[in-house]
Structures are given as structure tokens and as C-alpha cells.
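Peer 1: quick check, what structure comes out for this input:
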Amino acid sequence: MAIQKNKNDKKPIHTPLKARILVVDDDANFAETLSDDIKANFKDVEVLLATNSTMAQKLLKTGQFDMVLLDYYLEGNTTAEKLIPIFKQSGAHIIVISAEAGGEEAASTVRLGADDYWSKDRGFNSLVPKIKLFLSSKQQGIIMESQKREYSAFFKLFLTENPGLVSKITPILKSLKRNNTFSLIVSGETGVGKSFFVHSVKDYLKSLYGNVRFITLTNTITPEEVKNFILQGRKAFRDGLTVLFFVNKITNIHREMHNYILEILDIIREERNSSGRLYLFAESDEEDIVRTRGKLPKSLFFRFERTLTIPPLQERWEDILLLAEHFLNRNRDSFQPKVKFSPDARYMLLNLQLEGNVLQLQNIVRSIEIDENEEEITSEKLKKIISADSHHLLSLDELEKQQIIKALMATNCKKNLAAKLLHISYPTLNKKMTQYNIKC
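Peer 2: Model (predicted):
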């Protein structure tokens with residue numbers, strides 16, 4: 001089958017790092033044409049071909065592949081569904097390809113672990129954005145892993161695979177290591193893990209400097225208690241100890257407390273030469289830093305050195321399965337085998353409407369009763385938990401809206417590329433954006 005050339009790309013797209021792609025298709029002519037088109041459009045890409053499953057599995061032993069383009073129907077009765085688990089174990093990004101568009105094939109392969117689906121009749125133009133997006137994500141992932149290795153002690157405590165969040169957190173961790181004073185406001189929706197982030201920072205500081213004096217300031221403590229806490233913290237700071245003040249719900253505390261927070265910020269500014277370490281972290285109840293700024297006096301807000309907004313879990317889809325399996329195994333003994341979610345159950349988790357964010361996901365997973373020697377949670381078992389709160393499942397309209405938003409974010413609001421990623425026309429995308437009130 002002839003592949004439509006990408007006329008818009010006159011020059012090959014440069015990939016930051018060498019990438020290996022495996023094309024598995026029993027149509028040798030199609031596989032060779034596809035390989036040539038990929039090489040013509042992307043620099044620094046090695047493409048290997050396999051015309052049957054045996055050859056593909058042999059090539060897997062030659063080294064790591066970053067992407068596998070896997071034909072749905074191969075020789076004999078072999079289908080992609082049988083091969084996906086094998087290729088998935090290698091860590092490759094799997095795009096299933098087929099002569100037919102969408103349908104149950106697409107849904108079943110994604111449920112089994114494939115990352116995407118491409119129909120041959122859409123032409124090579126529709127495949128280019130998928131490859132480009134993956135190679136860009138790969139580069140982001142490598143940068144993220146490098147950042148996480150540098151601060152591995154923290155990221156063992158605060159679990160995330162979201163590149164954007166990691167890139168926001170690492171400068172904060174760098175400041176904590178380099179400077180003996182620091183202040184931060186952290187915002188985000190209810191349940192995203194703001195308090196957990198602060199407590200992870202406390203434990204990280206403990207791993208670096210030993211004991212940490214952790215002082216929480218809330219509306220429930222009296223002015224006298226606040227004064228005593230500040231005196232104790234200042235003395236410990238001057239004595240060479242590490243002190244972390246934590247202001248809980250800074251946007252809701254009474255006005256008198258603002259003066260005490262300003263006093264701590266004055267100590268941070270004026271006593272940087274002290275032998276200890278003094279940090280002030282404040283948690284905001286507002287969903288973003290703009291709303292937080294609107295709730296605080298400018299004289300207070302702008303005295304903080306940095307701000308951090310933790311995105312909703314629905315925008316950190318990489319973290320959903322990571323956190324779900326963490327919650328599932330957190331209380332199991334070390335000698336017990338780890339429990340995992342089946343492919344169908346993982347698919348179900350990714351399509352939950354998690355308005356309560358991490359807290360809601362944790363409550364769902366906690367409700368699962370794990371039988372002795374059970375190693376996999378099936379979709380049937382998970383469905384029983386979710387059925388009690390059926391509103392957790394996204395409606396088709398909401399699911400479509402979220403897919404459109406993800407595509408627009410992935411392409412920096414370039415609607416022509418987003419339409420290609422979604423396999424819809426440009427006018428249809430505009431119509432859907434109007435329907436769902438999505439603006440770029």
C-alpha cells in the first residue's frame with residue numbers, strides 16, 4: 001500500500017537523541033516504504049524491519065527499541081493482541097497499525113497495553129505528529145530522569161512521573177541544598193498532595209541534615225503560642241539546627257497571623273549568615289497561584305521567594321497508575337509479591353473522573369480487598385468498587401473533551417497538529433472546541 005508523503009515537511013525533523021524504531025508488518029513493500037518515509041522525516045532514527053513475529057522477537061534481543069509500529073494482523077492467526085505483552089515488557093512505545101480505521105481493534109489493543117493506534121488509510125501525514133510527539137516526550141523523560149536521579153532521596157518520598165511537575169520541583173530542591181534559608185507558597189486543588197509535598201520536603205531535609213524541627217502554624221493556636229514557636233525556631237536556627245515552618249491554609253488564616261509570618265520572613269532575610277537552616281513553606285487552599293495572590297496582602301505574598309502549583313491528577317495521567325499501584329502495595333510485607341492491576345483495570349483507572357485527585361484515588365484503592373496470594377486486580381473487581389460511586393467514570397462527552405485538551409496541550413495549541421493527533425478534520429476540531437468551550 002502506497003504511503004502519502006508529507007509535503008509540509010521539507011527538512012527532516014532533528015531528534016535530540018538516537019532513537020530505534022521497529023516496524024513489524026507482513027507486507028514487506030509497505031514496511032520498506034514506511035521505513036523510508038520515517039528516515040526521510042526524522043534524523044538520527046534507526047529503523048529495523050520484521051515481516052513476521054518470529055523475526056520481530058529476534059530483533060528485540062539486539063537492543064532496546066524506543067517505538068514499535070506493529071501491524072494488527074500478521075502471518076497465520078497472529079494478531080497484535082498476542083504480541084503486545086511481549087513488546088510491552090521491553091519498554092517500547094507501541095503503535096498498532098491496521099488497514100482498517102479504529103473500531104474495536106483500536107479499543108482492545110489500547111486496553112492490552114498499546115500506546116496508540118494508526119490506520120494506514122489516513123496516510124503518513126497522520127503518523128508524523130505521533131512519532132514527533134513521542135520523540136519529544138522521550139527527550140523530556142530523559143531530562144526528567146536525570147533530574148530525579150540528582151534528587152532521588154526526595155522522589156522516593158514524593159512519587160511523580162510528570163515531567164512538568166518534576167521540572168518545577170527540582171529548582172526548589174536545588175535552593176534547599178544551596179541556601180540555608182528559603183520560602184515557598186504551594187497551591188493546588190483539594191487532594192492533589194500539597195501537605196504530602198511539604199512533609200516529603202521535611203523528610204528530605206532530614207536525610208540531608210539530620211533532625212528537623214518542624215513547626216506547624218494554624219488558626220487554632222493562640223498568639224502567645226505563635227510567639228513562642230517563633231522564638232524557639234529562631235534559637236534553633238541560630239544554634240545551627242534545621243527548622244521548617246509550615247503554614248497550613250495560609251489564605252484562610254486570620255489577619256493577626258500575617259504579622260507573625262512576616263516576622264519569620266524578616267528572620268529569613270536578615271539572618272542568612274546564621275549557622276543553621278530556616279525554611280518557611282505555606283500551603284494555599286486555592287487551586288492556583290493567581291487565586292492565592294488575590295487572597296493575600298501584596299506585602300505578604302511578594303515576600304515569598306518561590307511559588308509552586310501542583311496540577312490536578314487528571315492532568316498528571318502518568319501518575320495515576322504509579323500512585324494506584326503504590327497505594328495497593330503500601331501495607332504489604334516485603335516478602336509478599338507485589339500486586340498489579342490487569343490491563344483492563346489499568347485502562348479503567350485511567351478513565352476515572354478523579355475530581356478528588358490523589359485523595360480520591362487513594363480511597364478507591366484502599367477499598368479493594370486483596371485475597372491471599374492474589375497478584376493481579378481484575379477490572380471486574382475494580383468495577384465493584386467503582387459502581388458504588390458511578391460518577392467516578394467519565395461520560396463520553398467529558399472523555400472527548402479531555403482528549404481534545406490533551407492534544408492541544410501536546411501541540412502547544414497548534415490546532416492543525418492537534419486535529420491530526422485526534423484523527424479529525426480542522427473544522428471538526430473548531431466545532432468541538434466551541435461545543436466544549438475550549439480556548440487556546
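
Peer 1: if you count neighbours, what's buried in stretch 58-78?
Peer 2: 59-60, 65-74, 78 (16 or more other Cβ atoms under 10 Å). To be clear about C-beta, it is placed using only N, CA and C from the backbone, and glycine gets the same treatment.

Peer 1: which pair in those residues spans the largest distance?
Peer 2: Pairwise distances across those (Cβ to Cβ) peak at 23.9 Å, for the pair D66 and Y73.

Peer 1: returning to what we had before: what's the closest of the buried residues of stretch 58-78 to N259?
Peer 2: The shortest approach to N259 among the buried residues of stretch 58-78 belongs to D66, at 55.6 Å (Cβ to Cβ).

Peer 1: packing partners for the helix or strand hosting I169?
Peer 2: I169 is part of helix 163-178 when elements are defined by DSSP states H and E. Packing partners of helix 163-178 (3 or more Cβ pairs under 8 Å, 6 or more residues apart in numbering; DSSP states H and E): helix 128-150, helix 152-155, strand 181-187, helix 194-209, strand 306-309.

Peer 1: list the buried residues for it?
Peer 2: In helix 163-178, the ones that count as buried by 16+ other Cβ under 10 Å are P163, L165, V166, K168, I169, T170, I172, L173, S175, L176.

Peer 1: ok, stretch 280-291 next?
Peer 2: Using 16+ other Cβ under 10 Å as the burial criterion, the residues of stretch 280-291 that qualify are L280, F281, A282, E283, S284, D285, E286, E287, I289.

Peer 1: which ones are touching the last one?
Peer 2: Under the criterion of Cβ atoms under 8 Å, 6 or more residues apart in numbering, the contact partners of I289 comprise I185, S187, T307, L308, T309.

Peer 1: nearest residue to it other than its sequence neighbours?
Peer 2: Nearest-residue entry for I289: T307, 4.6 Å, with adjacent residues in sequence omitted and distances by Cβ to Cβ, 6 or more residues apart in numbering.

Peer 1: G188 is in contact with that neighbour, correct?
Peer 2: No: if you go by Cβ atoms under 8 Å, T307 and G188 don't touch, sitting 10.9 Å apart.

Peer 1: the more surrounded of these two?
Peer 2: Residue environment comparison for T307 versus G188 gives the larger neighbour count to G188, 23 against 20, counting by other Cβ atoms under 10 Å.

Peer 1: how much space between that one and R178?
Peer 2: Here the distance between G188 and R178 works out to 25 Å (Cβ to Cβ, to the nearest Å).

Peer 1: next, D26: secondary structure please.
Peer 2: When states are read from DSSP: H, G, I helix; E, B strand; the rest coil, the local structure at D26 comes out as coil.

Peer 1: still on that earlier bit, pull the distance from the helix holding I169 to the chain's centre.
Peer 2: The gap between the average C-alpha position of helix 163-178 and the chain average comes to 16 Å, counting by Cα atoms, centre = their mean, to the nearest Å.

Peer 1: and the contacts of that helix?
Peer 2: Contacts made with helix 163-178 from outside it, assessed by Cβ under 8 Å, 6+ apart, are listed as 137, 140-141, 143-144, 147-148, 150-151, 154-155, 158, 160, 182, 184, 201, 204-205, 208, 279, 305-306, 308-311, 316.

Peer 1: looking at this protein, which helix or strand does the model trust least?
Peer 2: Ranking every helix and strand in the chain by mean pLDDT, DSSP states H and E puts helix 103-111 at the bottom, with a mean of 62.
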